[in-house]
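Asker: The following comprises the amino acid sequence and a computationally predicted model.
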Amino acid sequence: MPGGVVVWVVQEAIVAGSETGTSSRQRLCFKALGFNLHDTIVLAKKGTRSPSPVRYGPPPELALVLSKGMPRYVNLIKDRRNLRAGEIGEFTTRSKAGRLKPIVRKVIPPWRVRSCIWEYNLGFNHTTCDRDAFQHPALMAEPTAEDFIISFSKPGDLVFDPMMGAGTTCKMALLNSRRFFGTEIHRPYYELAVKRMRVAEAEHRRRLDESWAYRPTARR
Ligand SMILES: C[S@@+](CC[C@H](N)C(=O)[O-])C[C@H]1O[C@@H](n2cnc3c(N)ncnc32)[C@H](O)[C@@H]1O
């Protein structure tokens with residue numbers, strides 16, 4: 001729908017010594033379908049080594065952020081520490097016509113927006129703390145799913161994962177108070193996802209109760 005966002009995760013394969021170009025074809029295909037190619041995020045895995053003596057690494061995993069028109073909601077994550085936080089900084093900006101605007105002096109905030117390269121540790125305790133989830137061979141890391149959910153939706157919005165695997169996206173949607181909806185074709189993975197969602201539901205209820213506990217008057 002207008003303003004809605006699709007996050008499409010793709011990684012090139014290497015066939016007969018060459019990257020397949022799949023992600024490039026998919027980008028053009030989405031454009032031809034009328035999507036706005038809003039952003040491209042590189043999902044970098046910390047500590048990966050090159051599987052080949054002639055390449056710097058495996059092809060990067062890309063997340064294409066697609067939207068119909070401009071995304072209705074964007075909340076960029078600010079988790080890069082500003083080294084000069086608290087100092088007075090001098091900022092210049094340009095008008096749309098390209099002219100320099102007068103210098104503005106502002107207090108430098110503690111955090112700034114992260115770059116388009118998102119790095120994650122993988123494995124137990126990083127991808128997830130749910131041991132059972134590793135029965136699925138292609139898990140998305142929970143922080144990755146969560147970062148996209150908080151960047152492009154607000155509480156109460158609907159998050160849909162059409163290939164939900166072990167249910168990571170739906171779990172992070174629930175824990176961030178979004179509505180969710182997932183489909184999975186392989187029954188054992190579907191059952192694994194449902195099992196994880198039951199645990200996540202209890203966790204979400206516990207977190208809500210804890211947050212209420214700090215605001216007792218708000219219950220009334
Ligand atoms: C890479 S995994 C998904 C990971 C998941 N999005 C997550 O957040 O952990 C891809 C999943 O899509 C499922 N799948 C493949 N084709 C499907 C289809 N046509 N409909 C629903 N699920 C499908 C596979 O069984 C597999 O579990």
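Answerer: Right, received. Where do you want to start?

Asker: The residue most central in space within the chain: what's it in contact with?
Answerer: Compute the mean C-alpha point of the chain, and by Cα atoms, centre = their mean the closest residue is F148, 2.5 Å away. Counting by Cβ atoms under 8 Å, 6 or more residues apart in numbering, F148 touches V7, A63, V65. For glycine as for every other residue, the C-beta is placed from the backbone atoms N, C-alpha and C.

Asker: Now the second one: which helix or strand?
Answerer: If I follow you right, that is A63. strand 61-67 (DSSP states H and E).

Asker: which helices and strands sit right next to that strand?
Answerer: strand 5-11, helix 22-32, strand 36-45, helix 142-152 (3 or more Cβ pairs under 8 Å, 6 or more residues apart in numbering; DSSP states H and E).

Asker: mind redoing it with 10 Å?
Answerer: Strand 61-67 makes packing contacts with strand 5-11, helix 22-32, strand 36-45, strand 117-120, helix 142-152 when contacts are defined by 3 or more Cβ pairs under 10 Å, 6 or more residues apart in numbering; DSSP states H and E.

Asker: Now A193. Nearest residue, chain neighbours left out?
Answerer: G167 (2.9 Å; Cβ to Cβ, 6 or more residues apart in numbering).

Asker: Of the contacts of F148, keep whichever come out buried.
Answerer: By neighbour count, with 16 or more other Cβ atoms under 10 Å, those hold V7, A63, V65 as buried.

Asker: quick check, nearest of those to G17?
Answerer: A63 (26.1 Å; Cβ to Cβ).

Asker: so who does that closest one touch?
Answerer: 7-10, 39-43, 116, 118, 144, 147-148 (Cβ atoms under 10 Å, 6 or more residues apart in numbering).

Asker: 6 Å instead, please
Answerer: V7, V9, I41, L43 (Cβ atoms under 6 Å, 6 or more residues apart in numbering).

Asker: just D147 next, same as before
Answerer: If you count contacts by Cβ under 6 Å, 6+ apart, D147 has none.

Asker: ok, now the one 4 residues further on?
Answerer: With contact set as Cβ under 6 Å, 6+ apart, S151 has these partners: N75.

Asker: cool, and K101?
Answerer: T93, S95.

Asker: and if we set it to 8 Å?
Answerer: T92, T93, R94, S95.

Asker: And for T144?
Answerer: Residues near T144 by Cβ under 8 Å, 6+ apart: L43, A63, W118, Y120.

Asker: what do you get for A200?
Answerer: Contacts of A200 by Cβ under 8 Å, 6+ apart are K171, L174, L175.
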